[in-house]
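Participant: here is a sequence together with a model predicted from it:
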Amino acid sequence: QVQLVESGGGSVRAGGSLRLSCAASGRIFSSYIIGWFRQAPGKEREFVAAQRWSGGSTYYGDSVKGRFTISRDYARNTVDLQMNSLKPEDTAVYYCAVDRGMTVTTTAGAYDYWGQGTQVTVSS
C-alpha cells in the first residue's frame, strides 16, 4: 500500500510560481512511476508530468512543457513539481499518483494510488 500527500498549493497571479510536493510513504519500489495530474472543474483529469521514483527521465504534458519541472527530493523523500510562468488555465486541483507498472503512461486510469489533491488557483 502507498500513501500520498500533496502540499504547496495556493493562489498566485499569472506569471508567478508555485512548488508542489508529494510525500510518499509505504511500500514503494524504485521502478514505480510517480505522476502529477490536474483536474479543472468540468474537465477530465489531465496528465502534467511523471518520472520514476528512482529518478531519471522526465515526461511532461504539452501544455506545461518548458514551464513545469518534476524532480525527486531524496532528503525529504518527496516528488516535487516546480511550476513557473503560471497561467490562469493552470488553475486546477493537482494530484500526485503512483503507477506500479513498468512503462511511463499519461493515462490516469493506469495509476494505482492517488493523493487527495491540492488546489492551485492562478488569477489574471
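Facilitator: In hand now; what should we look at?

Participant: distance-wise, check the closest residue to S57 other than its chain neighbours relative to L81.
Facilitator: Nearest non-adjacent residue to S57, counting by CB to CB, 6 or more residues apart in numbering: Q51, 6.6 Å away. The way it works is simple: take the backbone N, C-alpha and C, and place the C-beta from them, glycine included. Counting by CB to CB, to the nearest Å, the separation of Q51 from L81 is 10 Å.

Participant: now swap in S25 and tell me
Facilitator: Applying CB to CB, the value for S25 to L81 is 18 Å.

Participant: these two: who's more crowded?
Facilitator: L81 (26 against 11; other CB atoms under 10 Å).

Participant: just checking, which helix or strand of this structure averages the lowest pLDDT?
Facilitator: strand 55-60 (a mean of 92; mean pLDDT, DSSP states H and E).

Participant: name the residues of that strand that come out as buried.
Facilitator: Residues of strand 55-60 classed as buried by neighbour count (16 or more other CB atoms under 10 Å): 59-60.

Participant: need the residues that contact that strand.
Facilitator: With CB atoms under 8 Å, 6 or more residues apart in numbering as the test, strand 55-60 has contacts from 48-51, 68-72, 104, 106.

Participant: what is the subsequent helix or strand relative to it?
Facilitator: Going down the chain from strand 55-60, the next helix or strand is strand 68-73, by DSSP states H and E.

Participant: helices or strands next to the helix or strand that that following strand is followed by in the packing?
Facilitator: Sequence order places strand 78-83 as the next helix or strand after strand 68-73, per DSSP H and E. Under the contact criterion of 3 or more CB pairs under 8 Å, 6 or more residues apart in numbering; DSSP states H and E, strand 78-83 touches strand 18-26, strand 33-39, strand 46-52, strand 68-73, strand 92-99.
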